[in-house]
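In: The following comprises the amino acid sequence and a computationally predicted model.
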Amino acid sequence: MSRHAFALLFVLVACVVSLEARAQELAITPPRDAQYPGVVQLHVDVSDVDRRIVRVEETLPVAQAGPLTLLYPRWLPGNHSTTGPIELLAGLQVETERAERLDWRRDAEKMHAFHVQVPAGVTSLRLRFEFISPTSADQGRQVLTQDLLGLQWEKALLYPAGHYVSRIEFQPTLRLPEAWSYATALEGAQRSGDTVRFAPVSLEHLVDSPVFAGPHYRLVELDANPKSPVRLNVFADRPQELDATTAQLEHHRRMVRETLALFGSRHYRHYDFLFGISDQFTGIGLEHHQSSENAVGLGYFTDWTASAPSRDLLPHEFVHSWNGKFRRPADLWTPSYDVPVRTSLLWVYEGMTEYWGMVLAARSGLWSHAYFRDTLAQYAASYDVGRAGRQWRNLQDTTQQPIIFYRGTQSYPSWQRAKDYYTEGALVWLDVDTKVRELTRGKRSLDDFAQAFFGVHDGQVTPQTYTFEDVVATLQSLAPYDWPAYLRARLDDHGRGAPLEGLERAGWRIVYVEEPSESVRAVDAANALDSFLFSVGLALDKSGKVAEVYWDGPAFKAGFAPGTTVIAVNGRAYSAKLLREAITAAKGDPQRRIDLLVRKGDTFETVSLDYHDGLRYPKLERIEGRDDRLSVIIKPRTGTTPDPRK
């Protein structure tokens, strides 16, 4: 070998050795089931509400010198996606206990990971950084306002790689703005002035125990059982938003009783609804094992009629204590927040929870039975008319949506499809419920499944996982049938139209009428839209700007796209009233078109809609001669339902 060839070989070997050493130095240790040595001290300061800055300080024990990787939670429970907002972390500094500043290096591939070299003789590290809360909706969820805080601990901490999060212990301390109240499922709280110190807890339970806080607070006992109480913790922008009537609170207490009657068990030591009423704080519905994060717009109690669309939120999240937190899909469980999850069973986790949330809202009186039917009609109609996307994307594939595209909106959701495992999943479980009732001549139902599947091991809090086969086995024990084929047909189907078998088996069919139901009116009002989706395939905001277009609907075929603005209807300035009148006038007259002057960007044109079927709004109608199983399903289990209008 020549000198030049030998020298080149030497350089190549040196480079390989260097790269291997570098890779080893920066490798992220996979999680293992071993206790992390010591307790991480976490101090979170949320007192700077004016600038929306959350200041964090951690003291992290270290057992030995060498490489250490710090992780920002990435795959978040309840989101089922990589939603950890690493972009909102700023100002990171790492020091030894001797105040020696250490350099950190972000991982080249996993941007939520920070590599640090721990010097010899160092026993702890001090971490300081800020979580910059969004100050406007276009920056993300607003979680800190002048009157409301929603602290998800995972947004304000770093944790060491190499351990299950259940084996890393934190002791959290929270500094609040002056005179603020707080609520959380965390235990052992000791308050001194505006600082609250909690008992040590595993990182897994810390992340599962968020905090709501604010100056305007009301605590309502929903279930005073001393062994496992349930509390409603209400925070609001202004004190008058806390003014709930006795009847309204009774609906919520009834909801808890109906849920406990459904499952026949409790898998929490205590349960706290964290509930915000605000027009500044971003809305949320997020499940936890012994609490839930819930936030809605103003008027939940004070404008009870208008708040109907959000009144299935609390029962939905409460059901998750059983379905999702105690019993959870095996492929959703991971040992750490940097390990990807799998979402194949979200049609059970969310779809069945959506079904029970609606049913419990009706059983408890949070919804009237008519409102329940009207909402179910909207769900069914959205697939009957507006889910052309079922032709290419089945329900099973939509369970991957949180990973594919979690945030933001789509141009054509009726074709692209989004998290349809919620609403189509609810229709599937109505189908299953009515099938069980049919097979057993009314002796068994999905209520029995709830007790057999989720009601096991009363009092146990430790999660128990399940698989598709477990779901099938429980159904088989209640009503022998070919459940694998039955469920797979509904999950893998590509047919256009709604899965309406369960609705028809329940004794009802979907029809279309010319007047919107109370549910349609309430949803449109809540979204500030005028919906003509089931007729011409358009939904518009109050200015005439198109918010949604149904794929292959009349408006789509005429060239409409989201963002188009309707300027005039048949030569007159646009209003929703005029468009309704024009649609009605064209009904049954094939010679009469609906002429719309529209603006697309900086161009104007007239578009004609060739549509003659009139206004169409979904409604449920009884099928003569069929048993009314739907009314049986929503019948209260704990007595007479109070009037939801009060």
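Out: Thanks, I have the structure now.
In: what residue ranges in the chain score low on pLDDT?
Out: Within the chain, the stretches with pLDDT under 70 are 1-26, 640-646.
In: domains of this structure?
Out: Domain ranges of the chain: 1-29, 39-215, 328-507+626-633, 518-617, per automatic domain parsing.
In: Nearest to D223, out of these?
Out: Proximity to D223 (Cβ to Cβ) singles out domain 328-507+626-633 among these, at 12.8 Å. Glycine gets a C-beta too; all of them are placed from N, C-alpha and C.
In: measure that closest one end to end?
Out: Distance across domain 328-507+626-633, first residue to last, is 25 Å (Cα to Cα, to the nearest Å).
In: ditto for stretch 229-243
Out: Using Cα to Cα, the end-to-end distance of stretch 229-243 comes to 22 Å.
In: rewinding a little: just tell me which of the domains of the chain ends up closest to A306.
Out: Taking Cβ to Cβ, domain 518-617 is the member of the domains of the chain nearest to A306, at 6.2 Å.
In: Distance from the chain centre to the closest one, please.
Out: 31 Å (Cα atoms, centre = their mean, to the nearest Å).
In: Next: stretch 286-303.
Out: Counting by Cα atoms, centre = their mean, stretch 286-303 comes out at 12 Å from the chain centroid.
In: Can you list the buried residues in that stretch?
Out: Residues of stretch 286-303 classed as buried: 286-302 (neighbour count, 16 or more other Cβ atoms under 10 Å).
In: Of these, which belong to helices?
Out: Assignment to helices by DSSP state H places none of the buried residues of stretch 286-303 there.
In: Could you report the neighbour count for W347?
Out: Using other Cβ atoms under 10 Å, W347 has 28 other residues around it.
In: That one looks like it's in a helix, true?
Out: Yes. Secondary structure of W347 (DSSP: H, G, I helix; E, B strand; the rest coil): part of a helix.
In: if I pick it, what's in contact with it?
Out: Residues counted as contacts of W347 (Cβ atoms under 8 Å, 6 or more residues apart in numbering) are 395-396, 399, 421, 425, 428, 491.
In: Now compare the residues you listed and name the two farthest from each other.
Out: It's T399 and V428 that sit farthest apart of the contacts of W347, by Cβ to Cβ, at 12.1 Å.
In: nearest to D312, of the domains of the chain?
Out: Each of the domains of the chain has some distance to D312 by Cβ to Cβ; the shortest is domain 328-507+626-633, at 4.1 Å.
In: Run the chain-centre distance for that closest one.
Out: Distance of domain 328-507+626-633 from its chain centroid, counting by Cα atoms, centre = their mean, is 15 Å.
In: Spatially, which residue comes closest to Q460, not counting chain neighbours?
Out: Spatial nearest neighbour of Q460, excluding adjacent residues (Cβ to Cβ, 6 or more residues apart in numbering): H267 at 6.1 Å.
In: Could you look up the SS state of that neighbour?
Out: H267 - assigned by three-state DSSP - is coil.
In: residues near it, how many?
Out: 25.
In: E605 now?
Out: 11.
In: Name whatever forms a beta bridge with it.
Out: Beta-bridge pairing of E605 under DSSP bridges involves V598.
In: isn't it right up against L596?
Out: No. The criterion here is Cβ atoms under 8 Å, and E605 misses it with L596 at 9.4 Å.
In: mind listing what N527 touches?
Out: Not one residue lies near N527 by Cβ under 8 Å, 6+ apart.
In: ok, it to D541 distance?
Out: 9 Å (Cβ to Cβ, to the nearest Å).
In: Was I right to think L68 contacts Y36?
Out: No. In this structure L68 lies outside contact range of Y36 using Cβ under 8 Å: 11.4 Å.
In: any shared contact partners between these two?
Out: Listed as contacting both L68 and Y36 by Cβ under 8 Å, 6+ apart are P160.
In: for the nearest residue to R417 once chain neighbours are set aside, what are its contacts?
Out: Excluding the flanking residues, the one nearest R417 by Cβ to Cβ, 6+ apart is G389, at 4.2 Å. By Cβ under 8 Å, 6+ apart, the contact set of G389 is 413-417, 551.
In: which of those residues are buried?
Out: Among these, those buried by neighbour count (16+ other Cβ under 10 Å) are 413-415, 417, 551.
In: Narrow these to those in helices?
Out: Mapping the buried ones among the contacts of G389 onto helices (DSSP H) picks out 413-415.
In: can you redo those as JSON lines with distance to S336?
Out: Listed next are these as JSON lines, based on distance: Cβ to Cβ, whole Å:
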{"residue": "P413", "distance to S336": "33"}
{"residue": "S414", "distance to S336": "37"}
{"residue": "W415", "distance to S336": "37"}
